[in-house]
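In: what would the 3D arrangement of this be:
(one chain, ligands or ions: 1)
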Amino acid sequence: MLVASNRGPVSYTVDEDGSLRARRGGGGLVSGLSAIGPDAGALWVCSALSDGDREAVRRGVGEDGVRMLDVPADVHADAYNGIANSVLWFVHHMLYQTPLEPVFDAEFRRQWASYETYNRAFAEALAEEAAPGAAVLVQDYHLTLVPGMLRELRPDLRIGHFSHTPWAPPEYFRMLPDDIAGQVLRGMLGADRLGFLTHRWADAFTACCERFVGGLGDTRIGVHGLGADADFLRARSHEADVKERMAALREEIGAAPDGGARKAIVRVDRTELSKNIVRGLLAYRQLLEDHPEWRERVVHVAFAYPSRQDLAVYRDYTAEVQRVAAEINERYGTPGWRPVALHVKDDFARSLAAYRLADVALVNPVRDGMNLVAKEMPVVSDAGCALVLSREAGAHEELGEDAITVNPYDVVDTARALHEALTMGPAERTERSKRLAAAATALPPAQWFLDQLNELRDGTASG
Ligand code: G6P
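Out: Sure thing, here's the model as predicted:
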């Protein structure tokens, strides 16, 4: 069995003495694969993303079961920053400001050629590594052309592709030049099976195929709602480093003037346009306006970790998040109370600490494939948390009943939802949080992975 993805399970940095240091990443895919165990004999093909990764490839350093592809840095930059993150991600998350964007010009065509080269490098590596009849699971929008290319090179393989993002509806998808739209859809349809996180995204893909390439052909579609990894999260969130960070966070949150505990509204995201962090802050400001009784009695703990900083629009968004947070602190803060505790340095242990302390989880993306934070917080929070959840997150399909649902564009209604969450009675909050945690862990990563593999091999789900 083989897995292919742009970002792999491990990355390298070069230490001062020239030695290479490996760091294992997190995420559902990594935990899904490692839960199956090394005996599975799986090979993971991924990109060399950093200078350290490229150095590791050059020195022949690597982990068993991982092969890093050293695609030339400029080709990778065009494919990853130019096409995958600035075009396909924008289309599926419907992020364009359409009066001026997108513009599909000659530069776009040049980058598209790199995207093809990069996909071909994956297809060739997979073709070379795969045993006869092996199953190959290709991941995400970076690699939409791989299934079709691989099918031509190795018709014997069982090929699957899984999308971790939403899929754009036909009316938006058709923004892409016709030939490119066709290439993406036909590339994906080279797979035997395509997986999506929700029915909504699967239906949108099917609709695009019907409109633009005459249907799905022989390719089958499955929906696999990746769940939170409860065992890992519960164990990890009780380790010493998390407890240390809880103490620091408690201090930062502080106590209300009457000595009572302050409530914490927690969000944890990559600083990602689709996560809607700025409107989350505006909703919090509206809450402080509409319900002054919360002033000094609540803190918005907002972790916004750096992401895709090669792209100017992400750097600008990061600055805007910081500006709005500072403005709220300036306007409402008092000597003993900072209304927003914004942290931008990535720290997984501190994220778990915030999960444990959360009274309210705020998850308000404008569009999101799943959103695992919405699933993780109810599992980890010590006292159970109330979840304010965007109806545009894939997770809403499974968690909608026990969450407080919001339209992510409506900051007045999001402020109302925050108030409702803060005032929810303890019994109701505990009950709802338990049901959220149960729904969130219904399909653990290992089972999610096995289901796809089994369906790819013989068309039957095991779970
Ligand atoms: C999303 C995508 C993943 C990607 C992740 C982080 O979840 O579906 O494929 O790895 O974002 O983004 P990055 O660009 O840092 O890999």
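In: helix/strand/coil for residue 172?
Out: Here residue 172 takes the helix state, with states given by DSSP: H, G, I helix; E, B strand; the rest coil.
In: contacting residues around it?
Out: By CB atoms under 8 Å, 6 or more residues apart in numbering, the contact list for residue 172 reads 91, 94. To be clear about C-beta, it is placed using only N, CA and C from the backbone, and glycine gets the same treatment.
In: and the residue of the stretch 351-463 of the chain that's closest to the ligand?
Out: Residue nearest to the ligand within the stretch 351-463 of the chain (CB to the nearest ligand atom): residue 369, separated by 6.2 Å.
In: centre of the chain to the helix or strand of the chain with the lowest mean pLDDT, how far?
Out: Sorted by mean pLDDT, DSSP states H and E, the helices and strands of the chain end with helix 28-36, the least confident at a mean of 73. Relative to its parent chain, helix 28-36 has a centroid offset of 15 Å by CA atoms, centre = their mean, to the nearest Å.
In: for the stretch 351-463 of the chain, which segments count as strands?
Out: Ranges of strands in the stretch 351-463 of the chain, per DSSP state E, counting those that start in this stretch, are 360-363, 386-390, 404-406.
In: dump those strands into CSV; add mean neighbour count and mean pLDDT as well.
Out: As requested, the strands of the stretch 351-463 of the chain are exported to CSV (neighbours: other CB atoms under 10 Å; pLDDT from 0 to 100):
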stretch, mean neighbour count, mean pLDDT
strand 360-363, 29, 98
strand 386-390, 28, 99
strand 404-406, 20, 98
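In: need these in JSON lines (columns: distance to the ligand).
Out: Output for the strands of the stretch 351-463 of the chain, formatted as JSON lines (distance: least, CB to the nearest ligand atom, whole Å):
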{"stretch": "strand 360-363", "distance to the ligand": "14"}
{"stretch": "strand 386-390", "distance to the ligand": "16"}
{"stretch": "strand 404-406", "distance to the ligand": "21"}
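In: next one, pLDDT for residue 271 please.
Out: If you check residue 271, the pLDDT there is 97.
In: residues near it, how many?
Out: Residues near residue 271, counting by other CB atoms under 10 Å, number 22.
In: likewise residue 251?
Out: Neighbours around residue 251, by other CB under 10 Å: 9.
In: quick one: buried residues of the helix or strand it falls within?
Out: Using DSSP states H and E, residue 251 maps to helix 240-253. Neighbour-count burial for helix 240-253 flags 242, 245-246, 249, 253 (criterion: 16 or more other CB atoms under 10 Å).
In: ok so, going back, does the residue of the stretch 351-463 of the chain closest to the ligand touch residue 201 like I think?
Out: Yes. Using CB atoms under 8 Å, residue 369 is in contact with residue 201, at 6.9 Å.
In: now do the shared contacts for these two.
Out: Shared contacts of residue 369 and residue 201, defined by CB under 8 Å, 6+ apart, are found at 163, 165-166, 394.
In: can you give the strand pairings for the helix or strand following the helix holding residue 251, parallel or anti for each?
Out: Toward the C-terminal end, the helix or strand that comes next after helix 240-253 (DSSP H and E) is strand 263-270. According to DSSP bridges, strand 263-270 forms sheet pairs with strand 298-305 (parallel), strand 360-363 (parallel).
In: average pLDDT for the longest one?
Out: In this model, strand 298-305 has an average pLDDT of 98.
In: residues contacting whichever helix or strand comes after it, please?
Out: As assigned by DSSP H and E, the chain's next helix or strand after strand 298-305 is helix 312-332. With contacts defined as CB under 8 Å, 6+ apart, helix 312-332 is touched by 271-273, 277-278, 281-282, 284-285, 288, 295, 302, 304, 306-309, 338-340, 342, 344.
In: kindly report the same for stretch 119-134.
Out: Outside stretch 119-134, the residues that touch it by CB under 8 Å, 6+ apart are 1-2, 4, 43, 45, 67, 69, 71, 79, 136, 138, 143-146, 149-150, 153-154, 156-158, 187.
In: check stretch 94-101 too.
Out: Residues contacting stretch 94-101 (CB under 8 Å, 6+ apart): 89-90, 102, 168, 172, 175, 273-274, 366-367.
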